[in-house]
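J.: My questions are about this predicted structure, shown below with the sequence.
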Amino acid sequence: MNRKQRRPLGRSGAGPFSGAGGAAASGDQFNRLFATATAHHAAGGFTEAERGYREILALFPSHPNHGPNHAELQSRLGAALMAQGKIASALPHLEQAVALKPDLFEALGALAQAYMLAGQNGPAVMAALRALELRDSPPAQTLFVRCVKTARFTADNNGRIQKMLARALAEDWARPRELTDISINVIMLDAAVKTYVERANAAWPTQLSAAELLAMPETAKLSRHDLVRRLLTCDPIPDIRLERLFTTLRRATLTICTAEQPSDQASAQPPHESLLEFFSAVARQCFLNDYVYALLDDEAVLARQLQTALAEKLKSGETIPALWPIAVGAYCPLHTLPDAERLCARAWPASVEAVLVQQIKEPAQERQIAAEIPALTPIDDAVSRAVRAQYEENPYPRWVKNAPPAKPPSSRSAGPVPDILIAGCGTGLSLSEISRDATAARVLAIDLSLASLSYAKRMAQKLGLTGVEFAQADILQLGSLGRDFDFIDTSGVLHHLADPWQGWRVLLSRLRPGGTMQVALYSELARRNVVAARALIAARGYQATPADIRRCREEIFVAEDPLLKSLTRSSDLFTISECRDLLFHVQEHRITLPEIKSFLAANKLTFLGFNLEPAAMQAFTARYPGRAALTDLDCWHAFETAAPDTFAAMYQFQIQKPKS
C-alpha cells in the first residue's frame with residue numbers, strides 16, 4: 001500500500017479496524033500484506049520481506065492482533081533482519097515475539113541464534129533449551145549444542161542444563177569434545193561435587209585413602225551423577241582438578257582389591273551397583289586417556305601384583321571379584337594380560353562387561369582388521385618410518401562417538417559420484433565426518449600406521465559407513481598411485497613430513513582440475529607455547545615414554561611461565577597419545593601465512609577461506625569488513641600478528657585447483 005492509498009483510509013474517520021466491517025477489512029488487508037511479505041521471505045528476498053513487515057507495523061500500530069502484538073509477524077521480521085546480518089535490530093522483535101507467544105518454536109530458535117551471534121551465550125542457551133523442550137527434534141538438538149558449547153554458567157536451576165547435556169552425550173548430538181568444557185562447568189556447579197573435588201586437590205600430591213573416600217557421602221553422590229559417568233566414558237576429560245580426583249579414586253579401587261586376603265570370600269562380593277558402575281567408568285576413562293594419570297611407585301607395585309593375581313585366578317578358573325578387572329583395567333589395558341579373552345567367557349555385571357568390550361574385544365577386532373589392510377606404497381623415507389612408529393605405539397586420537405550427519409541423506413543432490421582421498425586419516429575421526437556427509441562418494445583413507453587404520457576401520461564399521469577403502473601408504477609415494485580425486489583432505493599431516501611442501505605437491509598431482517583440498521597446518525605464531533615446552537623437554541632430557549610424559553605434564557601444571565601455563569588449557573595435554581603428538585613428536589614443521597601464500601601462488605591455487613570459530617571470524621570481519629578480506633592472506637597475516645593465538649588449533653582452510 002502506497003501513501004495515496006493510505007490517505008482515504010485515514011480520512012474515513014472510522015480507522016482501519018473500527019466496527020465489525022472495519023475489523024474484517026483490516027483482517028483481509030493484513031492477510032494479503034503478510035502473505036506477500038512471507039512470500040518474499042521464502043524466496044530469499046529479505047530486504048523486501050523486511051519492508052513488507054514494517055509496512056504492516058506502520059499500518060496497524062495499535063491493533064490488538066495484527067500489528068506489534070502479532071507474534072509471528074515479530075518473529076518473521078526478526079528472522080528477516082538476521083538474514084541480513086542486522087542482529088542488534090532483530091533481537092527486540094524476536095524478544096517481543098517470544099513475550100507474546102512463549103511457545104512459538106520458530107521465534108525461540110531464531111532468538112537463540114541471535115543471542116549467540118550477539119555474544120549473549122547464557123540467554124542463547126536458555127532460548128535453545130526452551131525450544132528443545134517444546135519440540136525435541138534433531139535441528140533443535142543441534143541448535144542447543146551450538147549455543148551451549150561456548151557458554152559458561154554460574155547456576156543451573158533444577159539441573160535442566162545438566163540433564164540435557166547428559167542426554168546430548170548419551171544420544172550423540174555432537175562430537176563429545178564439543179561438550180566437554182561446558183559439562184565440566186555444569187558439573188562443578190554442584191556444591192557437593194565441588195567440595196569433593198576441592199578436598200582431593202587440597203590433599204594433592206597425597207591421595208585420600210579408600211576408607212576416607214568411601215566414608216564421604218559425596219562419593220555415593222558422584223557415583224550416581226549421570227553427567228559425570230557419561231563424560232567419563234565418551235572422551236578424555238581435560239580438567240586437572242577432576243583428573244586428580246579420579247586419580248585418587250582409581251587408587252581407591254586398587255586398595256579395595258589388594259587389602260583383602262585371597263582366601264577372604266568377602267573380597268568376591270562386589271561393591272554397591274552404582275559404585276561398581278562408577279569405578280568401571282573411571283577405568284574406561286583411564287583407557288581413553290592412555291593411562292596418563294600420575295602413578296606413584298608403590299601404587300605401580302600394587303597394580304602389578306593385582307595384575308598377576310588376576311592372571312593366576314583366570315588361569316586356575318577360580319572365582320574373580322567383579323572389581324578386579326575394573327581395577328586392573330584402570331592401570332593397563334586388559335588385553336595385555338595372558339589369556340585375557342578368557343575373561344570374556346565369564347558372566348559379569350554390565351558395567352564390567354563394558355570394560356571388557358573396550359579393552360579386550362575391540363582391540364582384538366582391530367588386530368584382525370590390521371592383518372587385512374593392504375599396503376599401497378612402500379614406506380622408505382626415514383622420517384615417515386619414525387612417524388609411523390610413533391603412531392603404532394600411540395594411535396591418535398582415541399575417540400568413541402561422533403555427531404550425526406550434517407544433512408539427512410534425502411537432502412543430498414544427485415550427480416557424479418565423487419572420489420575422495422583422506423591423506424593421513426589417523427584413527428578416522430575426520431574420515432567419519434566426511435564420509436558420513438557424502439554417503440555416495442568413493443573414499444580412500446590412507447595412513448602410515450596400521451594401528452591407526454585398524455581403529456579407523458573398526459569405528460567406520462561400527463557407524464555403518466560404507467564406500468570407504470582403507471590402505472597403508474606414504475603420501476610421498478602417491479605420485480605413482482594412478483588414481484585421481486575430486487576432494488582431498490590432509491588435515492594435520494603435511495607438517496609431519498620431512499618436506500611438507502613436497503608432500504603437498506604430490507597430493508596436488510592427484511587432485512583433479514577444479515578439485516578442492518582441505519588442509520591443516522601448524523602455525524609458527526600460535527605454537528610459541530609448544531616451542532617453550534620442547535625447550536623444557538630438551539633441558540630435562542625427557543623421553544617420549546609414558547613415565548616421562550607424566551612427569552613433564554606435572555611440571556607444566558605447576559609452571560609459572562605464561563607460555564607453559566597456557567598449555568594447560570589444551571585438551572591435548574590430557575592423554576598420553578595427544579600429549580606425545582603435541583609436545584614429543586618425532587617430526588614437526590611450523591608454517592607462516594606468507595609461506596602458504598607463496599606456495600599457493602606458485603601452484604596457481606585459489607584460497608577459499610579458513611574454518612574458524614564464529615567469535616574469531618567476527619573479530620576478523622570487524623577489523624577487515626568486506627567479503628574480499630576473508631580470502632586475503634595479507635589481511636589474515638596482519639590479524640594473526642596482532643592476535644597470535646587465533647590459529648592455536650592450526651590453520652584449517654580449503655584451496656581449489658584450476659579447472660584447466
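T.: Perfect, thanks for sending it. None of the values given here were measured: they were computed from a predicted structure.
J.: Just give the closest residue to residue 396, not the sequence neighbours.
T.: residue 577 (4.6 Å; Cβ to Cβ, 6 or more residues apart in numbering). For the C-beta atoms, the positions are set from N, CA and C on the backbone; glycine is no exception.
J.: what about the one you found, distance to residue 246?
T.: 18 Å (Cβ to Cβ, to the nearest Å).
J.: picking up where we left off before, ok, now how distant is the residue nearest to residue 396 from residue 291?
T.: Distance from residue 577 to residue 291, by Cβ to Cβ: 10 Å.
J.: so how far is residue 331 from residue 276?
T.: 17 Å.
J.: on that earlier part again, might one say that the residue nearest to residue 396 is in contact with residue 399?
T.: No. Using Cβ atoms under 8 Å as the test, residue 577 is too far from residue 399 to be in contact (11.1 Å).
J.: what about the nearest residue to residue 180 once chain neighbours are set aside, neighbour count?
T.: Nearest-residue entry for residue 180: residue 235, 5.9 Å, with adjacent residues in sequence omitted and distances by Cβ to Cβ, 6+ apart. When neighbours are defined as other Cβ atoms under 10 Å, residue 235 has 27 of them.
J.: Might one say that residue 235 is in contact with residue 288?
T.: Yes. Taking Cβ under 8 Å as the definition, residue 235 is a contact partner of residue 288 at 6.8 Å.
J.: Now for the two: what residues contact both?
T.: residue 400 (Cβ atoms under 8 Å, 6 or more residues apart in numbering).
J.: In contact with the residue nearest to residue 180, which residues?
T.: Per Cβ under 8 Å, 6+ apart, neighbours of residue 235: 176-177, 180, 288, 399-401.
J.: And residue 575, by the same measure?
T.: Contacts of residue 575 (Cβ under 8 Å, 6+ apart): 236, 288-290, 292, 397-398.
J.: low-confidence ranges in the stretch 551-660 of the chain?
T.: Within the stretch 551-660 of the chain, the set of residues satisfying pLDDT under 70 is empty.
J.: mind checking which helix or strand the closest residue to residue 223 other than its chain neighbours is in?
T.: In this structure, residue 223 finds its nearest non-sequential neighbour in residue 278, 3.7 Å apart by Cβ to Cβ, 6+ apart. Here residue 278 sits within helix 273-288, counting by DSSP states H and E.
J.: How far off centre is that helix?
T.: 22 Å (Cα atoms, centre = their mean, to the nearest Å).
J.: Which positions in it come out as buried?
T.: 274-288 (16 or more other Cβ atoms under 10 Å).
J.: and which of those is nearest residue 146?
T.: Ranked by distance to residue 146 (Cβ to Cβ), the buried residues of helix 273-288 are led by residue 288 at 25.0 Å.
J.: remind me, longest strand of the chain?
T.: strand 511-521 (DSSP state E).
J.: Alpha carbons of that strand, in CSV - could you do that?
T.: Extracted as CSV, the C-alpha positions of strand 511-521 are listed here (Å, rounded to 0.1, in the frame of the first residue of the first chain):
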residue,chain,number,x,y,z
LEU,A,511,43.8,-33.7,-7.4
ARG,A,512,41.6,-33.4,-10.5
PRO,A,513,41.3,-30.0,-12.2
GLY,A,514,38.8,-27.9,-10.4
GLY,A,515,39.1,-30.2,-7.3
THR,A,516,39.3,-28.9,-3.8
MET,A,517,41.6,-29.7,-0.9
GLN,A,518,41.2,-29.3,2.8
VAL,A,519,44.5,-28.5,4.6
ALA,A,520,45.5,-28.0,8.2
LEU,A,521,49.0,-26.9,9.2
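J.: strands paired with it, and their directions?
T.: Partners of strand 511-521 in the sheet, by DSSP bridges, are strand 485-491 (parallel), strand 651-656 (antiparallel).
J.: could you point out where the stretch 151-300 of the chain is predicted with low confidence?
T.: 260-271.
J.: Distance to residue 644 and secondary structure added to the contacts of residue 235, as TSV?
T.: Shown next, in TSV, are those (distance: Cβ to Cβ, whole Å; DSSP: H, G, I helix; E, B strand; the rest coil):
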residue	distance to residue 644	secondary structure
176	29	helix
177	23	helix
180	25	helix
288	31	helix
399	29	coil
400	33	coil
401	33	coil
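J.: Return the member of these nearest to residue 50.
T.: residue 177 (38.7 Å).
J.: Need phi/psi at the nearest residue to that closest one once chain neighbours are set aside.
T.: Sequence neighbours aside, residue 235 is the residue nearest to residue 177 in space, at 5.5 Å (criterion: Cβ to Cβ, 6+ apart). The phi and psi values for residue 235, taken as degrees, to the nearest 10, are phi -170, psi 150.
J.: Residue 499 versus residue 235, what's the distance?
T.: Taken as Cβ to Cβ, the span from residue 235 to residue 499 is 34 Å.
J.: Then residue 196?
T.: 51 Å.
J.: neighbour count winner among those two?
T.: residue 196 (22 against 14).
J.: Not counting sequence-adjacent ones, nearest residue to that one?
T.: Residue 196's closest residue in space is residue 218 (Cβ to Cβ, 6+ apart), at 3.8 Å.
J.: can you check residue 232 too?
T.: residue 281 (3.9 Å).
J.: hang on, the earlier thing: right, and the helix or strand after the longest strand of the chain?
T.: Counting by DSSP H and E, what follows strand 511-521 is helix 528-540.
J.: contacts for that following helix?
T.: Against helix 528-540 from outside (Cβ under 8 Å, 6+ apart): 542, 551-552, 555-556, 561, 563-564, 566-567, 582-584, 590, 644.
J.: and residue 610, what are its phi and psi?
T.: According to degrees, to the nearest 10, residue 610 has phi -90, psi 150.
J.: again with residue 471
T.: phi -160, psi 150.
J.: Report all helices and strands that the helix or strand containing residue 615 contacts.
T.: Element membership for residue 615, per DSSP H and E: helix 614-623. Secondary-structure packing of helix 614-623 (3 or more Cβ pairs under 8 Å, 6 or more residues apart in numbering; DSSP states H and E): helix 105-117, helix 633-642.
J.: So which residues make contact with that helix?
T.: Contacts for helix 614-623 (Cβ under 8 Å, 6+ apart): 116-117, 119, 150, 610, 612, 629-630, 635-636, 639, 643, 646.
J.: Format the residues you listed as a markdown table; extra columns: neighbour count and distance to residue 522.
T.: Converted to a markdown table, the contacts of helix 614-623 look like this (neighbours: other Cβ atoms under 10 Å; distance: Cβ to Cβ, whole Å):
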| residue | neighbour count | distance to residue 522 |
| --- | --- | --- |
| 116 | 23 | 29 |
| 117 | 17 | 30 |
| 119 | 12 | 29 |
| 150 | 17 | 24 |
| 610 | 18 | 14 |
| 612 | 18 | 16 |
| 629 | 15 | 24 |
| 630 | 16 | 22 |
| 635 | 17 | 21 |
| 636 | 25 | 16 |
| 639 | 20 | 18 |
| 643 | 15 | 17 |
| 646 | 22 | 13 |
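J.: Can you lay out those residues as TSV showing distance to residue 201?
T.: Output for the contacts of helix 614-623, formatted as TSV (distance: Cβ to Cβ, whole Å):
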residue	distance to residue 201
116	33
117	37
119	32
150	26
610	38
612	34
629	46
630	44
635	44
636	41
639	38
643	33
646	32
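J.: Of the residues you listed, which is the nearest to residue 56?
T.: Using Cβ to Cβ, the contacts of helix 614-623 come closest to residue 56 at residue 117, 25.3 Å.
J.: Hmm, residue 88 and the closest one touching each other?
T.: No. Residue 117 is beyond contact range of residue 88, at 9.7 Å (criterion: Cβ under 8 Å).
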